[in-house]
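Enquirer: sequence plus the predicted model coming up.
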Amino acid sequence: MARFTLPRDIYYGAGAMEELKNISGKRAIIVVGGGSMKRFGFLDKAVSYLNEAGIEVKLFENVEPDPSVETVMRGAEAMREFQPDWIISMGGGSPIDAAKAMWAFYEYPETTFEQLCIPFNFPTLRQKAKFIAIPSTSGTATEVTAFSVITDYAKGIKYPLADFNITPDIAIVDPALAETMPQTLTAHTGMDALTHAIEAYVSTLHTPFTDPLALKAIKMVFEYLEASYNGDMNAREQMHYAQCLAGMAFSNALLGIVHSMAHKTGAAFSTGHIPHGCANAIYLPYVIEYNAKNAEARYADIAREIGLTGASDAELTQALCDKITAFNRTLNIPTTLKEFGINEAEFKEKIADISANAVGDACTGSNPREIDPAQMEKLFTAIYYGDKVDF
């Protein structure tokens, strides 16, 4: 038996945020990031709509990019003091992911982060509060997924938390929020969405329910991301919906080793953080080459869907890799880790441990081709130097 889970309600389109006027409750805590939602007036709008609904509001602000375990614990403590019956998070993936984890510790103070790291091991939520997610970026799709990514900075590792319990009750996908994204963030989040959809389509857990969502999202990203990157607001709206479709697909089909690798390298190097979507974009074509031995027909399906041509599945798969690499260049994303600026000596020093951690990541289990630490190290090395993956 399989399962397919989405939020109960998804409100989308211009003015969708007004739905906050219609919720019933007593207290809501709003979890936000570093200030863009306040700067552009969206936070004030949300508070005003909730007040109109007769709901008392408390803010938890300044969730950092790639939220830490410590931030999650502080937020949960604020929730225990305020006792909200709605948890609302708005902004990028980081505050929404953080709020999902806070939710668990709010309702179950005695649980541990280590327990939540075990996939699908959350306690039963909604004992005290329900959850609304309002995304401002077009990539993570955390507003419709069963996932949250939290960083343990002491270990330099991102942990993907996974449980259908943390799929939000309501997602509000209002394109006005996405219009504020700067160009680089538009590129990175868009490539994150593409990676979600491609990995969901080739996942060992893909289903007839997830395949159409994944293929439609892929087609939309290739159609709209470049224009969105260049400031076309109609394209920006379509990308906001495309990433949401991709989220519906991967929340149920799960992901693969592109994400395993991105999770374990984002905070690993002293030369600078690798933004999650940027890491995915760099790794994706190399992983397709690696996975092709087991999933070539699926990648060929994707290539045909976006209008690529080839005399065989192998040619179509290579055309897909070439298309993604060219897309990265158009979006000013590096095509190797060396080009990104990772120090070669540090890369060589750390890559064995990073590879072992990536193999152990929760996303590895649904990758279409198995991988061991030695193969993972070879794959990372190919990505560092830009070599062909032919093993």
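Expert: Okay, I see it.

Enquirer: and the residue lying closest to Ser136 once chain neighbours are set aside, what does it touch?
Expert: Spatial nearest neighbour of Ser136, excluding adjacent residues (C-beta to C-beta, 6 or more residues apart in numbering): Leu177 at 3.9 Å. (Glycine included, C-beta is placed from N, CA and C.) The contact partners of Leu177, by C-beta atoms under 8 Å, 6 or more residues apart in numbering, come to Met17, Met37, Phe40, Phe42, Met90, Ile134, Pro135, Ser136.

Enquirer: make TSV out of the residues you listed and add neighbour count, pLDDT and secondary structure.
Expert: Conversion of the contacts of Leu177 to TSV gives the following (neighbours: other C-beta atoms under 10 Å; pLDDT from 0 to 100; DSSP: H, G, I helix; E, B strand; the rest coil):
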residue	neighbour count	pLDDT	secondary structure
Met17	19	97	helix
Met37	25	94	helix
Phe40	15	94	coil
Phe42	21	96	helix
Met90	28	97	strand
Ile134	28	98	strand
Pro135	29	97	strand
Ser136	26	96	coil
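
Enquirer: among the residues you listed, which pair sits farthest apart?
Expert: Phe40 and Pro135 (13.9 Å; C-beta to C-beta).

Enquirer: which stretches in the stretch 201-350 of the chain count as helices?
Expert: 211-229, 233-253, 257-265, 276-305, 313-330, 337-340, 344-359 (DSSP state H, counting those that start in this stretch).

Enquirer: let's see the pLDDT reported for the residue most central in space within the chain.
Expert: The centroid of the chain falls nearest to Thr140 when counting by C-alpha atoms, centre = their mean (3.0 Å). Per-residue pLDDT puts Thr140 at 92.

Enquirer: for the remainder of this discussion, apply numbering that starts at 256.
Expert: Yep, numbering from 256; the last one is Thr395 now.

Enquirer: circling back: okay if I get the helices of the stretch 456-605 of the chain as TSV plus distance to Tyr304 and mean neighbour count?
Expert: Below are those laid out as TSV (distance: least, C-beta to C-beta, whole Å; neighbours: other C-beta atoms under 10 Å):
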stretch	distance to Tyr304	mean neighbour count
helix 466-484	27	21
helix 488-508	20	25
helix 512-520	34	28
helix 531-560	30	22
helix 568-585	38	18
helix 592-595	41	18
helix 599-614	42	17
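
Enquirer: which one of these lies nearest to Ile310?
Expert: helix 488-508 (25.4 Å).

Enquirer: any idea of the mean pLDDT for the closest one?
Expert: 97.

Enquirer: chain neighbours aside, what residue packs nearest to the residue nearest to the centre of the chain?
Expert: Gly348 (3.1 Å).

Enquirer: before we move on, what about Ile512?
Expert: Counting by C-beta to C-beta, 6+ apart, Ile512 lies nearest to Asn622, which is 4.6 Å off, once chain neighbours are set aside.

Enquirer: list the contacts for that neighbour?
Expert: Contact analysis of Asn622 by C-beta under 8 Å, 6+ apart lists Glu454, Ser458, Thr459, Leu510, Gly511, Ile512, Ser515, Asn546.

Enquirer: nearest to Val302 among those?
Expert: Val302 lies nearest to Leu510 out of the contacts of Asn622, by C-beta to C-beta, at 34.8 Å.

Enquirer: now the worst-scoring helix or strand of the chain on mean pLDDT and helix 512-520, what's the angle there?
Expert: Within the chain, no helix or strand scores below strand 412-417, which has a mean of 84 by mean pLDDT, DSSP states H and E. Inter-element angle recorded for strand 412-417 and helix 512-520: 130 degrees (by axes from the mean of the first three to the mean of the last three C-alpha atoms, to 10 degrees).

Enquirer: if anything else comes up later, I'll come back, but that's it for now.
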